[in-house]
Every structure is written in C-alpha cells, then in structure tokens.
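Colleague: the following block contains a protein sequence and its predicted model.
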Amino acid sequence: MTEQSPALDNLLTENRTFPPAADFASQANASADWYGRADADREAFWAEQAERLSWDTKWSRVLDWSGAPFAKWFVG
C-alpha cells in the first residue's frame, strides 16, 4: 500500500451540493416523507416498497441478519 500525499488531501473532501431543478424533483418517485418513514421502521418501509414489485414467489421475511455481518433481504 502506498502512502497518501498530503498535497492531495484537499481533493478528498467535497462539500458542494447540486439540488435538482424543481420540475425534475416534482416528477420523482420518492418524496421527502419517505426518509422519515424509513427511519421510523426500516423493515416495514422496505416491505411496502417491495409490494410495488411483481414477485414470482412472495418473500416471507424482509431482512435476515442471522448470518451477520451479512444481511439477506426478502428471504423466502
């Protein structure tokens, strides 16, 4: 592994933001309230989103952490 040059440290941080145009944002599939719902109950949120898809076989469990640190989503 090589050492990082201090001269390049200033290139490793990006603080600019680039908000989308209002007409583009108005057509988004997700809305701002989704973040709050996902924070409140992550598994219920993703179960709701998964219902928007067509499944050959519906999953029985949204998230399986039994093999941590590896997670399995939509098991079954």
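Modeller: Structure received.
Colleague: quick one: low-confidence ranges for the protein?
Modeller: 1-7 (pLDDT under 70).
Colleague: let's see it at 50
Modeller: Scanning the chain for pLDDT under 50 picks out nothing.
Colleague: from residue 36, how far out is residue 66?
Modeller: 28 Å (C-beta to C-beta, to the nearest Å). Using the backbone N, CA and C atoms, a C-beta is placed for each residue, glycine as well.
Colleague: sorry, wrong one. I was asking about residue 25.
Modeller: Counting by C-beta to C-beta, the gap from residue 25 to residue 36 is 17 Å.
Colleague: all the strands of this structure, residue numbers only.
Modeller: Along the chain, the stretches classed as strands by DSSP state E are 61-67, 70-75.
Colleague: dump these to JSON lines, plus distance to residue 12 and mean neighbour count.
Modeller: Formatted as JSON lines, the strands of the chain follow (distance: least, C-beta to C-beta, whole Å; neighbours: other C-beta atoms under 10 Å):
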{"stretch": "strand 61-67", "distance to residue 12": "32", "mean neighbour count": "12"}
{"stretch": "strand 70-75", "distance to residue 12": "29", "mean neighbour count": "12"}
